[in-house]
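Enquirer: Got a sequence here, can you model it:
(2 chains)
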Amino acid sequence: MTAATQRPAPPRWTGERRGAIGVVLLVAMVWSISGLDVTLDRLLGAPSDAWAILRQMIPPAFARVAARGAVGKVFESVYIAWIGTVIGALLSLPLAFMAAHNVAPIWIRVPIRQLFNAIRAVPELILAVILIPITGLGPWAGTLAIGIHSIGTLGKWATESIESIDSGPIEAVESTGGRWVSSMRWAVFPQVMSTISSYWLFRFEINVRASAVLGMIGAGGVGSELVSHLVFRDFPAASAVLALTVGVVLTIDTVSAAVRRRIITGGVGGDDSSRSAEALSDLTGINHR
Amino acid sequence: MTPTPGQSTRPERPRLRARTVGIAAALMAFSVFAAREVGFDPSTFWEVWSNPLWEKFWPIPWDWVFDSGNVLQPFVETFQIATISTILGCGLALPVSFAMSSLTTPNRPTYLVSRAVMNVVRAVPDLFWAKLMVTAIGIGAFAGAWALTIFSLAVMVKLFSETVDGADPGPLEAARAAGGRHAPSLRTGILPTVFPDYVAHALYVFELNVRASVVLGLVGAGGIGRVLEAQRQFFRFDRVLGMLVIIFVVVWVIEQVSVSLRKRLI
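Expert: Down below sits the predicted model:
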């Protein structure tokens, strides 16, 4: 090789590949649009229709929806999410110990893992559709649906965190003659509990959103309020309900994220200014570097 | 405790602190209160279990389920909604994500505004968007596609802007030092390094969209959920269960394919 640096050869076939991907995407788009029953005037009219409704939404009629008890409905959604998370957490924790490959034998591990996978594949709303005829309309249907669905994700996350532990303490307990239960209690539990409880909180954040949606099919919470206002085309009231929901969701996300960080790091690190910057970035989602 | 020579001391047992007890008590109290609010009662578990209505879910009418007009056709519609909204949402997400990352944003106001707007958009649940769109532009798959496009955009910018945040700034600096303008610098300095993640995230968003588009029909936004809702209102729970089995299998297959593709990409 000479002293002059050589340019690396450009990768081959990039142009052809790009073209192929472009064609595939284009075909996929055309195919999907063909099923959506789109006409040109609908397509052109949609933005102005959406804009017209957006204009009617301002200003939101907070006083009117508050008088109808919308604030209570928002809190009902939070209660549903909380109890659903508690049910999911309590049921998933023992199951996770039976599903982790480092602490459970294969004959019990495989069926429980498949159970987690199966539960995760069914959305809360579908569960609620099944449960509503059984429990009747109301918050209990939503709570059960969220509780059952949470078992799947919480169980999977807890299993993964049990599988990633340090095996030393387990050996220590076994070498002193401890039984399986003692090694779980004294070797595994202390190592995983901080991570698992932060997963519970994270799931609670997700469940707040899910329970707001569940109300739309009558499973309790704020969704029913939104639907009834939209059905009667009462847009100021609908936007007020929407704003309340978004406010509560963002507040819970912020508080819960702060608590989770406290659980994981074991303390609020850094000086005061970095702490408030963190709080601000949580609140606004804006990263102050 | 003073250590005796030749013997190790036991570490002291952690003491229960008043604050820990207080927090635990507060959480318990809140749980009990919330449980009463949602109508929790241990006996309801048994009531749910022993409800005679469960019999209406059985047996599954398979010939109805596999009759192409009943389930297959709306299912295709569901896929069409998921596909178009993934493509549109992820396409729009590319420039918005670049605006939302402090590494690649063109200027400070763009950065602040795009972050604030996207946070609010993401805080609105997907079915709320669907219901809003159904009200605004009419019942059907068209409204569902709009709603899911917004939803995909919100999820995608969150995932992808974090990837861009973590990208290697070196090539971008090099492109800028060579006098590149903003867009070409991003195109050559950042995009090649983050593109595999972009595709992986897009596949994940497609997975989410398939799940979401299954339930869109419950609020009138087209797809398989429309049939589900109709059969539910006719109290044909056996048909509902049959459809759920199909949905379950399809969602599961898509997840497996997408997970294995994503593993290969990253």
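Enquirer: Flag the shaky bits of the stretch 1-150 of chain A, pLDDT-wise.
Expert: Applying pLDDT under 70 to the stretch 1-150 of chain A flags the ranges A:1-4.
Enquirer: near chain B, which residues of the stretch 101-250 of chain A show up?
Expert: Selection of the stretch 101-250 of chain A residues close to chain B by C-beta under 8 Å from any C-beta of the partner chain yields A:117-118, A:121-123, A:125-126, A:129-131, A:133-135, A:138-140, A:142-144, A:209-210, A:212-213, A:216-217, A:220, A:223, A:226-227, A:230, A:233, A:238, A:242, A:245-246, A:249-250. Where you see a C-beta, it was placed from the backbone N, CA and C, and this is true even at glycine.
Enquirer: Please repeat the previous calculation with a cut-off of 7 Å.
Expert: Counting by C-beta under 7 Å from any C-beta of the partner chain, the positions of the stretch 101-250 of chain A adjacent to chain B are A:121-123, A:125-126, A:129, A:133-135, A:138-140, A:143-144, A:209, A:212-213, A:216-217, A:220, A:226-227, A:230, A:242, A:246, A:249-250.
Enquirer: Looking at those, which are in helices?
Expert: A:125-126, A:129, A:133-135, A:139-140, A:143-144, A:209, A:212-213, A:226-227, A:230, A:242, A:246, A:249-250 (DSSP state H).
Enquirer: List the contacts of residue 227.
Expert: By default, I'm working from chain A. A:Met216, B:Lys131 (C-beta atoms under 7 Å, 6 or more residues apart in numbering or on different chains).
Enquirer: wrong one, I was asking about chain B
Expert: B:Val227 makes contact with B:Asn70, B:Val71, B:Pro74, B:Gly217, B:Met243, according to C-beta under 7 Å, 6+ apart.
Enquirer: Next, the contact list for the second one, please.
Expert: In other words, B:Val71. So B:Val71 contacts B:Val65, B:Val227, B:Met243, B:Ile246 (C-beta under 7 Å, 6+ apart).
Enquirer: Got the confidence number for it?
Expert: B:Val71 is assigned 79 on the pLDDT scale.
Enquirer: Please apply the same query to the last one.
Expert: Among the per-residue scores, B:Met243 holds a pLDDT of 84.
Enquirer: So for the helix or strand hosting it, what gets flagged as buried?
Expert: Using DSSP states H and E, B:Met243 sits in helix B:237-265. Using 16 or more other C-beta atoms under 10 Å in any protein chain shown as the test for burial, helix B:237-265 gives B:237-244, B:247, B:250-251, B:254-255, B:258, B:262.
Enquirer: filter those by proximity to chain A?
Expert: Contacts with chain A within the buried residues of helix B:237-265, counted by C-beta under 7 Å from any C-beta: B:Phe237, B:Val240, B:Leu244, B:Val251.
Enquirer: Mind putting those residues into JSON lines with distance to A:Arg260?
Expert: Formatted as JSON lines, those follow (distance: C-beta to C-beta, whole Å):
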{"residue": "B:Phe237", "distance to A:Arg260": "39"}
{"residue": "B:Val240", "distance to A:Arg260": "37"}
{"residue": "B:Leu244", "distance to A:Arg260": "34"}
{"residue": "B:Val251", "distance to A:Arg260": "29"}
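Enquirer: how about the helices of chain B, start to end?
Expert: With DSSP H as the criterion, chain B has helices spanning B:18-37, B:42-49, B:62-66, B:72-100, B:108-123, B:126-137, B:141-165, B:170-177, B:182-189, B:191-216, B:224-233, B:237-265.
Enquirer: again with chain A
Expert: Ranges of helices in chain A, per DSSP H, are A:14-34, A:40-56, A:62-67, A:70-99, A:106-120, A:124-135, A:139-163, A:168-175, A:180-183, A:189-214, A:223-231, A:235-265, A:272-284.
Enquirer: Thanks a lot, see you next time.
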